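**Q** Provide a 3D model corresponding to the input given below.
(one chain, ligands or ions: 1)
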Amino acid sequence: MQTKFIFVTGGVMSGLGKGVMTSSIAKLLQLSNQKVSCVKIDPYLNYDAGTMNPIAHGEVFVTEDGGECDMDIGNYERFLNQNIPKTHNITTAQIYSTVIEAERRGEYLGACVQIIPHVTDEIKRRIRKIAEDEKLDILVVECGGTVGDIESLPFLEALRQLRLEEGSQNVIFVHVTLTPSLDVVGEQKTKPTQHSVQELRRIGIQPDIIAARCSSPLHESTKKKISMFTNVTTRDVFSCHDVESIFMVPQILYDQGIVDTIFTKFGKFGLVNTSANWDKWNSIVNSLQTAQGNVKIAMVGKYVTLTDSYVSVNHALKHAGAKIGKVVSIDWIDSETINGNVDDLSKYDGVIVPGGFGSRGAEGIIKTANYTREKNIPYFGICFGFQLAAVAFGRHVCDFKDANSTELDQNTTNPIVDLLPEQKTVSNMGGSLRLGAHEILVKGNTLAHKTYNSDKVIRRHRHRYEINKKYIDIFEKNGMVFSAESDNAKRMEMLEIPSHKFYFGVQFHPEFNSRPGYPEEAFEAFISAASK
Ligand code: GLN
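**A** I've put the predicted structure just below:
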């Protein structure tokens, strides 16, 4: 079986929505009954996204198999409703490490090890391996960065070679560019597109499809002009204009005939009727659009200056709202600004505290956790938000005045949250947290059990610290229940306060399992409690 490849490149500038284009194309092919997946190439020298600041790069998306990946992997999972393994996020560091290790083992003995062919071979090997191992009909590969960047050159060169080796009937290049409109008259400027395609052709890649980002639909005359300068037929120039929701992008591309274009280029014919797939997808997209009534949620976190830092949490809240027919409006509040003004939280139907690392802004989170508990405001804490809810309870209910997490105060006499024992000897920061999916056992007759309706769930993790078991008895005597655990009861996974309207915390990251049409259970429980 021959896997077909679609390579998505980007021009002009970053942030054009290449990830959404990649996901949308893959979605359309999936709706057409093709076995598809996506790969993200990140041409940076970090081994993975785990050590990067979320305020600069957006969220670190954790895969089922414990990869700390670029946030685009989350888009792929949400669009396709399928898990993406960590091998699908390829970075420069991974490629070079493999090549250098092979060189040290002596695998290239006698040869001068070079970018071409050794680095490009390793890039191609990884892409082909994914296609073969997963027996894919079509693999869509997004090359991060912008054409012209020095860093992306080896990757683009490898993709160019792949086209030569696999044949043009098996490889399509899609180039995503920008077509800005400068004035109210709305003339759509094609020069940036012309230049970025020139740049691409200079390195030997002729795009088959142009996807032009624009604020309003591309005029026919603009398409013609782009076609002429880029050597792509007008029919294969697609308008990617602004729409209300990213999940509407597959439809606008489909309406312009992109599926036919791709299938014709690949020589695939005889499509089966896929209307049932479309009905299901449309009802999901509509449910996200047509909700009514408002649930006001405050998200109190450390990285709110870039809402992409919590992109999966934002989506998960919307999925949950759609399920109960409500619009979730989110105010992002910097936990560092929470102080004497914690009362402002009273105007919200619910408060969510997502993950975080380090002491900056932590006291604001502890205040938030305490205030919502006292005022009976629905509270949902994820990871850091779970740990600091326990700290707040220790300080204000159990009367341990200096209760803390040792992540924030190493000298506290009441380490309610402490380093995982196996972390004590860890010295490398990269890839060394407790990561990925782990099995969690849920206790009967708890909010946790009611929420998951199961004795067992599997969820993704990313943490170094955990609840100190020494404090469990005293917490339970004071009204906080630890309602789920993992690793033979070694660690606590969920907490709740039964006397409260909704006070729930989870050590894991439920946001990574939420998908449009299939909200993660804890988010659904939180939003439905907040909407009452
Ligand atoms: N900083 C905490 C830990 O390492 C919480 C991590 C998180 O919120 N993802 O355990």
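**Q** so what's whichever residue of the stretch 151-300 of the chain sits closest to the ligand bridging to?
**A** Of all residues in the stretch 151-300 of the chain, V300 sits closest to the ligand, at 13.1 Å by CB to the nearest ligand atom. (C-beta placed from N, C-alpha, C; glycine too.) Judged by DSSP bridges, the bridge partners of V300 are I333.
**Q** Burial check on the closest residue in space to D236 that isn't next to it in sequence, number of neighbours?
**A** Leaving aside its chain neighbours, D236 sits nearest to I209 (5.0 Å; criterion: CB to CB, 6 or more residues apart in numbering). The tally of other residues near I209 (other CB atoms under 10 Å) stands at 24.
**Q** just to revisit the earlier point, please give me every residue in contact with the residue of the stretch 151-300 of the chain closest to the ligand.
**A** I333, S335, I338, L345, V351, I352, V353, G364, I365, T368 (CB atoms under 8 Å, 6 or more residues apart in numbering).
**Q** what do you get if the cut-off is 6 Å, keeping everything else the same?
**A** I333, S335, V353, T368 (CB atoms under 6 Å, 6 or more residues apart in numbering).
**Q** Between the residues you listed, which sits nearest the ligand?
**A** V353 (9.3 Å).
**Q** I'd say that closest one and G385 touch.
**A** Yes - with contact defined as CB atoms under 6 Å, V353 reaches G385; the gap is 2.9 Å.
**Q** Look up how far F526 lies from the residue of the stretch 151-300 of the chain closest to the ligand.
**A** 14 Å (CB to CB, to the nearest Å).
**Q** Same question for T307.
**A** 19 Å.
**Q** Those two: which is more packed in?
**A** Between T307 and F526, F526 has the larger neighbour count (other CB under 10 Å), namely 27 against 16.
**Q** Isn't that one up against F380?
**A** Yes - between F526 and F380 a contact is recorded at 4.2 Å, counting by CB under 6 Å.
**Q** So which residues of the stretch 1-150 of the chain form strands?
**A** 4-10, 36-42, 61-62, 68-69, 89-91, 138-143 (DSSP state E, counting those that start in this stretch).
**Q** For the ones you listed, state which one has the densest average packing.
**A** Mean neighbour count (mean count of other CB atoms under 10 Å) peaks for strand 61-62 among the strands of the stretch 1-150 of the chain, with a mean of 28.
**Q** Within its sheet, name the partner strands of that strand and how each one runs.
**A** Applying DSSP bridges to the sheet, strand 61-62 is found paired with strand 68-69 (antiparallel).
**Q** what about the partner strand, average pLDDT?
**A** For strand 68-69, mean pLDDT is 97.
**Q** what residues does that strand touch?
**A** Contacts to strand 68-69, defined as CB under 6 Å, 6+ apart, come from residues D48, A49, G50, V60, F61, T63, N89.
**Q** swap in stretch 463-480?
**A** Under the contact criterion CB under 6 Å, 6+ apart, stretch 463-480 has outside partners 383, 390, 393, 397-398, 405, 407, 415-420, 423, 433-434, 482, 491-492, 495, 497, 499.
**Q** burial of the residue nearest to I205 when sequence neighbours are not counted, as a residue count?
**A** Nearest residue to I205, sequence neighbours excluded (CB to CB, 6+ apart): R160, at 5.3 Å. Neighbour count for R160, taken as other CB under 10 Å: 19.
**Q** picking up where we left off before, out of the contacts of V300, which two are the most distant from each other?
**A** I333 and V353 (9.9 Å; CB to CB).
**Q** now the strands for the stretch 301-450 of the chain?
**A** Counting by DSSP E, counting those that start in this stretch, one finds strands in the stretch 301-450 of the chain at the ranges 327-334, 350-353, 379-382, 404-405, 415-419, 434-442.
**Q** dump the residue contacts of L31.
**A** Here L31 is in contact with T274, N277, W278 (criterion: CB under 6 Å, 6+ apart).
**Q** Would you quantify the distance from the residue nearest to E166 when sequence neighbours are not counted to the ligand?
**A** Once flanking residues are discounted, E166 sits nearest to F5: 6.6 Å by CB to CB, 6+ apart. Here F5 is placed at a distance of 35 Å from the ligand (CB to the nearest ligand atom, to the nearest Å).
**Q** cool, and M480?
**A** In this structure, M480 and the ligand are 19 Å apart, going by CB to the nearest ligand atom.
**Q** May I have the predicted confidence score for the most centrally placed residue in the chain?
**A** Taking CA atoms, centre = their mean, the centroid of the chain lies closest to G74, which sits 2.7 Å from it. Here, the pLDDT recorded for G74 equals 97.
**Q** Assess the claim that it and F61 are in contact.
**A** Yes - taking CB under 6 Å as the definition, G74 is a contact partner of F61 at 4.1 Å.
**Q** need the residues of this structure near the ligand, please.
**A** Neighbours of the ligand within the chain, by CB under 6 Å from any ligand atom: G355, G356, F357, C383, F384, E407, R462, H463, R464, Y465.
**Q** Dump these into TSV; add neighbour count and pLDDT as well.
**A** What follows is these, written out as TSV (neighbours: other CB atoms under 10 Å; pLDDT from 0 to 100):
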residue	neighbour count	pLDDT
G355	25	96
G356	25	95
F357	17	94
C383	23	98
F384	27	97
E407	21	96
R462	21	97
H463	22	97
R464	15	96
Y465	22	97
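**Q** Look up which helix or strand the residue nearest to I205 falls in, please.
**A** Per DSSP states H and E, R160 falls inside helix 153-166.
**Q** got the CA positions of that helix in PDB?
**A** Only the C-alpha atoms of helix 153-166 are listed here, as PDB (Å, rounded to 0.1, in the frame of the first residue of the first chain):
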ATOM      1  CA  LEU A 153      15.800  24.500   5.100                       C
ATOM      2  CA  PRO A 154      16.900  20.900   5.800                       C
ATOM      3  CA  PHE A 155      13.200  20.000   6.300                       C
ATOM      4  CA  LEU A 156      12.000  21.600   3.100                       C
ATOM      5  CA  GLU A 157      14.900  19.900   1.300                       C
ATOM      6  CA  ALA A 158      13.900  16.500   2.700                       C
ATOM      7  CA  LEU A 159      10.300  17.100   1.600                       C
ATOM      8  CA  ARG A 160      11.500  18.100  -1.900                       C
ATOM      9  CA  GLN A 161      13.500  14.800  -2.100                       C
ATOM     10  CA  LEU A 162      10.500  12.800  -0.800                       C
ATOM     11  CA  ARG A 163       8.400  14.200  -3.700                       C
ATOM     12  CA  LEU A 164      11.100  13.100  -6.200                       C
ATOM     13  CA  GLU A 165      11.400   9.700  -4.700                       C
ATOM     14  CA  GLU A 166       7.700   9.000  -4.100                       C
END
